[in-house]
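Engineer: Provide a 3D model corresponding to the input given below.
(one chain, ligands or ions: 2)
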Amino acid sequence: MKILADENMPNVHRLFGGLGEVVTSPGRTLTPAMLDGVDVLLVRSVTKVNEALLKDSSVKFVGTATIGTDHIDLEYLAQRGIGFASAPGCNADAVADYVFSALSYLYLTRGVTWLNAKIGILGHGNVGKVVASRFKALGCDVCAYDPLLADSQFNVEPADLATVMACDVICHHAPFTAEGEYPTKGMINADLIANLQPGQTIVAAGRGGVIDEIALVKRQQELQGSLNLVFDVWQGEPEINRELAPLCDIVTPHIAGYSKQGREKGTWMVYQSLCQFFGLEVKIDYQTAVSRGSIGHLELNVQPSLHDLIARACHAIYDVARDSNRFRYSYLNGSHSGVFDWLRKHYVERDEFGTCQVRHASLGALGFELI
Ligand SMILES: NC(=O)C1=CN([C@@H]2O[C@H](COP(=O)(O)OP(=O)(O)OC[C@H]3O[C@@H](n4cnc5c(N)ncnc54)[C@H](O)[C@@H]3O)[C@@H](O)[C@H]2O)C=CC1
Ligand SMILES: O=C(O)C(=O)[C@H](O)COP(=O)(O)O
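Structural biologist: Ligands and ions are numbered 1, 2, ... in the order given. So this is what the prediction gives:
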């Protein structure tokens, strides 16, 4: 079996090497010619998998080690009888860690006291639910908008879009969809953005293309920079909006889900699905494939407030400012146009909060392991 994999997929040789010949390549520039003789294609979000890529190939199985599937033409795969697997939920905890690291940053730098705020979540799937549960466990007032779910499927108060957009903190965890009854493409439109008020916070960590970036630039300028903006996903990736980025507090190159464990889990979930598809034995188990954390245990002195305690704990494991600064200085101040992908390829590993043990009960709410 010949397996072609995105070079940014961790553990790919270790997991798939026993199943066939593994060749890796940059995902964004993959061409149909590279699929010659390939049976299995393993991608991440940057490869458009569609008829144009696959029509002359003999690919039998496509796996994406990601949560999102908007880069895959699922209908075409089904028509051709090509097997498919994604990795639902693999990096949901990583994205939640990103959200709380970013809110901690806003607390420390701009005094945003988000624990007392009204929180609104856009998209209540695997990621939205983890984020919502953490806020709820911390005692926050949380609601969520997800028109495709019945009320009984929410773990927080269901709300309409306008209600979520009026919240103090708005967390975008919706996929990119251009069709159907509730497409997300441009869903956060100029009208909704024109109603944003000073002091509101937006964390964009779902998919680019959902928020009207031009309208947001205009509103942020009108409000003299008083919106708190955290942007991980962008409409024109790997380019980013050069007018919007300087108006944001945190700018990152689509790495909210890039924890070591989240990325390894993604590869392992696809490995498991591939074995099932071809009727092969799963020889590498989850414990072997997914790393433990490198810190293990965190002792924190009593902090002046819960906000401070959370900020110290989150940033001891992952301080989002490190990614934002690296990106801001190299992308916005430099001429290196490939820096978006370079930073992702050379991402400095980070562990999930859940790999670290703590004693403070309130940190259990954030996914840390309580002892
Ligand atoms: N920034 C990053 O690194 C990462 C981004 N993502 C993105 O986050 C998105 C969400 O991930 P999951 O929760 O795991 O996906 P999921 O598929 O479990 O949930 C998506 C939810 O969005 C809802 N939805 C669909 N249309 C909507 C609309 N118009 N308005 C509000 N909600 C709508 C769906 O009903 C579903 O409940 C993914 O599509 C993925 O693209 C995921 C992982 C990492
Ligand atoms: O899982 C998803 O969905 C994501 O957005 C990934 O974290 C994005 O990572 P890449 O696939 O673009 O490396």
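Engineer: which of the three states applies to the residue in the stretch 251-371 of the chain positioned nearest to ligand 2?
Structural biologist: When distances are taken as Cβ to the nearest ligand atom, the stretch 251-371 of the chain reaches nearest to ligand 2 at Gly257, 3.1 Å away. C-beta: built from backbone N, CA, C; applies to glycine. Here Gly257 is coil, with the state taken from DSSP: H, G, I helix; E, B strand; the rest coil.
Engineer: name the nearest residue to it, sequence neighbours excluded.
Structural biologist: The shortest distance from Gly257 to any non-neighbouring residue, by Cβ to Cβ, 6 or more residues apart in numbering, is to Asn91 (3.4 Å).
Engineer: any idea of the pLDDT on the one you found?
Structural biologist: The model reports Asn91 with a pLDDT of 98.
Engineer: and for Ala194, the neighbour number?
Structural biologist: When neighbours are counted by other Cβ atoms under 10 Å, Ala194 registers 11.
Engineer: quick check, it in contact with Ala215.
Structural biologist: Yes - if you go by Cβ atoms under 8 Å, Ala194 and Ala215 touch, sitting 7.1 Å apart.
Engineer: can you tell me the residue of this protein closest to ligand 1?
Structural biologist: Nearest residue of the chain to ligand 1: Gly125, at 1.6 Å (Cβ to the nearest ligand atom).
Engineer: is it true that that residue touches Asp146?
Structural biologist: Yes - using Cβ under 8 Å, Gly125 is in contact with Asp146, at 7.4 Å.
Engineer: compare these two (neighbour count), which wins?
Structural biologist: Under the criterion of other Cβ under 10 Å, the comparison of Gly125 against Asp146 puts Asp146 first, with 22 against 19.
Engineer: quick check: closest non-adjacent residue to that one.
Structural biologist: Going by Cβ to Cβ, 6+ apart, Asp146 has His124 as its nearest residue, at 3.8 Å.
Engineer: would you say that neighbour is within a strand?
Structural biologist: No - assessed with three-state DSSP, His124 is coil; it does not lie in a strand.
Engineer: pretty sure Ile121 contacts Val131?
Structural biologist: Yes - taking Cβ under 8 Å as the definition, Ile121 is a contact partner of Val131 at 6.1 Å.
Engineer: residues bridging contact with those two, i.e. touching both?
Structural biologist: Overlap of the contact sets of Ile121 and Val131 (by Cβ atoms under 8 Å, 6 or more residues apart in numbering) consists of 171, 173.
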